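Colleague: mind looking at a prediction? Sequence and model below.
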Amino acid sequence: GYNQGGGYPPSQGYQPQGGYQPQDGYQLQGGYQPQGGYQPQGGYQPQDGYQLQGGYQPQGGYQPQGGYQPQGGMWGTPSVKPYPAFNANADAEILRKAMKGFGCDNKKVIQVLCARSNGQRQEIARAFKTMYGKDLLDDLKLELHGDHEDLILALMDRPAVYDAKQLRKAMEGLGTRESVLIEIMTTRTNAQIGELKYVYGQMYHSDLEKDLIGETSDHFKRLLVSLCTGGRDESMHVDPVRANHDARKLYQAGEGRLGTDESTFNAILAAQNYAQLRLVFDEYHKVCNRSIEQSIQNEFSGDIRDGLLAVCAVVRSKAAYFATLLHNSMKGVGTRDGDLIRAVVTRCEVDMVDIRSAFESMYKQPLEKMIKADCSGSYEDALVALVRGN
């Protein structure tokens, strides 16, 4: 099974006999897990070490290979990689000293937690509990404040757990934050979507697809359901003849008729691989003399328009998509800290180096510089550490 950087476990994992929990996935909160032989749909085996509190444990201490991105065949370059000279006990001790007594040494907290991979942070949390009989997260919550606290706690979640929490938060209460649903559902790989659905079900005793359906409507709902299947072709196979055929189909479903046949857009944009879709977009431009994005702007409105435009942006360049998102989170008056934190936390172990260079070429200034102008204090230091990398 391939692995995509963000600390998601490999799709095929070791399956323990008779429910024995390997050390690495030991469940501090819920204890012993009897299910042992259950194989969830989709080939991944999260059962093993699922930890409601500390997030998801990859089987057998597997370290993600620096941000492999199967979609679109591009390798992402992470800024934060597993720390080579890693020692969980030593790190736990540094954190304990940093938080002991009056005040908190934020620099030390950043030095440790922003320079370790997600898997390593989980090991530090276990070592901390073993050594001091306290929960690292509880101590961090007591000692840190504001945006800085939100950022550090986000780093402590397993990626699938963090995504599940973000989706849940976007759907809770009055009104739904569709932009968050769009961002997560359009940018995660099939394996990540599969695990996210599993973890969401475990955490909230609810079905992600059903919740998405309950919170959205019409064509936007259908797009999210399509993305939620995690069934996109992730190969690099391209077929130019088919691309021309599909480009014409898109034209006939939109610009070439009165009204819009949304299902054709959904069928092509949600299922095909990125390389093939880039060909479709090129052909589309030849067929109708405008970009697919311009046509979507003309033919759609509201959430479905935003969703389809996000799919197009991600297909063209995931790095540019996140560069835009980061820029939007900081431009103008005030900062959309939720968006800024989520983008930095979820991409630093996947493709942050690519995002940085996309940002600089698009906005003619380094991402780091904009963060420094927009944020302050320990929060700024932590963001810069993650963007700069270890």
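Modeller: Received the coordinates, thanks. Predicted model only: the values in this text are computed from it and were never measured.

Colleague: so the nearest residue to residue 262 once chain neighbours are set aside is in which element?
Modeller: Nearest residue to residue 262 in three dimensions, chain neighbours excluded: residue 219, at 4.4 Å (Cβ to Cβ, 6 or more residues apart in numbering). Glycine gets a C-beta too; all of them are placed from N, C-alpha and C. Residue 219 belongs to helix 218-228 when assigned by DSSP states H and E.

Colleague: show me where the stretch 101-250 of the chain has its helices.
Modeller: 106-113, 118-132, 136-143, 146-156, 159-171, 178-187, 190-204, 208-215, 218-228, 240-253 (DSSP state H, counting those that start in this stretch).

Colleague: those: which one's closest to residue 309?
Modeller: helix 178-187 (9.0 Å; Cβ to Cβ).

Colleague: other SSEs contacting the closest one?
Modeller: helix 159-171, helix 208-215, helix 218-228, helix 302-316, helix 318-330, helix 337-347 (3 or more Cβ pairs under 8 Å, 6 or more residues apart in numbering; DSSP states H and E).

Colleague: on that earlier part again, tell me the angle the helix holding residue 219 makes with helix 190-204.
Modeller: Put simply, helix 218-228 runs at 100 degrees to helix 190-204, going by axes from the mean of the first three to the mean of the last three Cα atoms, to 10 degrees.

Colleague: got a list of contacts for helix 218-228?
Modeller: Contact with helix 218-228 is made by 178, 181, 185-186, 193, 197, 208-209, 212-213, 216, 262-263, 266, 270-271, 300, 302-304, 307-308, 311, as judged by Cβ atoms under 8 Å, 6 or more residues apart in numbering.

Colleague: cool, and stretch 367-378?
Modeller: With Cβ under 8 Å, 6+ apart as the criterion, stretch 367-378 contacts 106-107, 109-110, 144, 147-148, 323, 326-327, 330, 335, 340, 355-356, 359-360, 363, 380, 383-384, 387-388.

Colleague: from those residues, which would you call buried?
Modeller: Buried positions within those, assessed by neighbour count (16 or more other Cβ atoms under 10 Å), are 106, 109-110, 144, 147-148, 323, 326, 330, 335, 340, 355-356, 359-360, 363, 380, 383-384, 387-388.

Colleague: wait, doesn't residue 231 sit right on residue 194?
Modeller: No. Between residue 231 and residue 194 there is no contact under Cβ atoms under 8 Å: 9.8 Å.

Colleague: neighbour count for the two, which is higher?
Modeller: Each of residue 231 and residue 194 has its neighbours counted (other Cβ atoms under 10 Å); residue 194 has more, 23 against 14.
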